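Got a predicted structure here, sequence first:
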Amino acid sequence: MEALPRTLVPNTNALLLDGKAVAQQVREQLKPRVAALRERGIVPCLAVMLVGDDPASHTYVRTKAKACESIGIRSLVRHYPADTPQATLEAQIDAWNADPTVHGILIQHPVPKPLDEAALLRRLDPRKDVDGITPASLGALVAGEPAFGACTPLGIIRLLDAYGIPIEGKHAVVVGRSVILGKPMALMLLNRNATVTICHSRTRDLVRHTREADILVAAVGKPEFITGEMLKSGVVVIDAGYNRVEGRKGDVGDVDFDSAARVASAITPVPGGVGPMTVAMLLHNTVLAAEQQA
Ligand code: NAP
């Protein structure tokens, strides 16, 4: 296994946390496991339900399918128009739940309204919930029981571990409390014995909290919201955000990278930080699901 690059952000003391490189390591580690399954006649398979015509969702689904195929996971994408009856989608979930050749199921978010995405998620067999976001999987995370972890926070933990960044005893501040990101992130950090603060839109004096962070996770959905002035020296900054901004090329994170890198001891870039780790963890969970069901 190739050593990880240990590159500093130019003109700073901040280590660049290279999600692309760690994701590549994860993929390499998965390849022999996929080969071992195939030797037993089991082809790991991820089924993806894509509803409607959201261009970003189509791009994400294509990226995930390509990543699956790159390591020998079969990718099965079913695209449904936005006016598909709820019952049709539920029947598809039921069929995949019952199909032994499908090991993981992902319902691409968002499912357009008035369709009921939550009802679809509740229907999904937790043993196939490789995205880790059904109430059953999140409940297991709270209870400390085995379940698939939500891919983005799981990828963040894996990235911290890959660089040997200690979590235990640290004060982690998570800005954002969404079900797919902020909440499971906070729980995973807590399960690793961090002291965790969760901030959200009603938090008073946000800066007072962010300045306390040894590890700061930005999951806000607002471009460059967290700036260097909001952080203390030596903080590890994880930027989970990606935002399209009019007139700017590419995705913009939730952190103002330049000012944050001047005070941080380590920081993730956007792109190339958390994003590739999310996809890598989806592959990881799918292989694990196939192993567990074999
Ligand atoms: P979300 O559902 O919109 O949640 C955003 C959270 O930020 C909410 O909890 C909200 O608080 C909080 N917030 C909003 N304004 C705030 C403020 N002024 N101060 C403090 N907190 C504030 O977003 P999400 O789905 O968690 O996504 C967050 C970011 O991560 C987005 O940029 C998204 O694109 C990105 N993302 C990346 C990946 C990846 O693979 N890299 C995966 C998923 C998401 P309330 O709860 O009070 O409203």
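Received the coordinates, thanks.

Where do the helices of the stretch 1-150 of the chain begin and end?
19-39, 55-70, 86-98, 117-123, 135-143 (DSSP state H, counting those that start in this stretch).

how about a markdown table for those helices, with mean neighbour count added?
C-beta coordinates here come from the backbone N, C-alpha and C atoms, glycine included. Formatted as a markdown table, those follow (neighbours: other Cβ atoms under 10 Å):
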| stretch | mean neighbour count |
| --- | --- |
| helix 19-39 | 17 |
| helix 55-70 | 15 |
| helix 86-98 | 15 |
| helix 117-123 | 16 |
| helix 135-143 | 17 |
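
Now distance to residue 187 and mean pLDDT too, for these, in JSON lines please.
As requested, these are arranged in JSON lines below (distance: least, Cβ to Cβ, whole Å; pLDDT from 0 to 100):
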{"stretch": "helix 19-39", "distance to residue 187": "21", "mean pLDDT": "97"}
{"stretch": "helix 55-70", "distance to residue 187": "24", "mean pLDDT": "94"}
{"stretch": "helix 86-98", "distance to residue 187": "25", "mean pLDDT": "98"}
{"stretch": "helix 117-123", "distance to residue 187": "18", "mean pLDDT": "96"}
{"stretch": "helix 135-143", "distance to residue 187": "5", "mean pLDDT": "95"}
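
can you put those in a markdown table and add distance to the ligand?
Compiled in a markdown table, the helices of the stretch 1-150 of the chain are given as follows (distance: least, Cβ to the nearest ligand atom, whole Å):
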| stretch | distance to the ligand |
| --- | --- |
| helix 19-39 | 9 |
| helix 55-70 | 8 |
| helix 86-98 | 21 |
| helix 117-123 | 13 |
| helix 135-143 | 14 |
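
Could you pick out the residues of the chain near the ligand for me?
On the criterion Cβ under 6 Å from any ligand atom, the ligand has as its neighbours in the chain the residues 152, 175-178, 180-182, 199-203, 206, 219-222, 240-243, 254, 274-275, 278.

what about residue 209, neighbour count?
By the measure other Cβ atoms under 10 Å, the count of residues near residue 209 is 19.

So it lies in a helix, does it not?
Yes - residue state for residue 209 (DSSP: H, G, I helix; E, B strand; the rest coil) corresponds to a helix.

Tell me which entries of the residues of the chain next to the ligand lie within strands.
The strands in this structure, assigned by DSSP state E, contain 175, 199, 243 from those.

pretty sure the last one is touching residue 271, no?
Right, residue 243. No - the criterion here is Cβ atoms under 8 Å, and residue 243 misses it with residue 271 at 11.6 Å.

between these two, what contacts are shared?
Residues touching both residue 243 and residue 271 (Cβ atoms under 8 Å, 6 or more residues apart in numbering) are residue 251.
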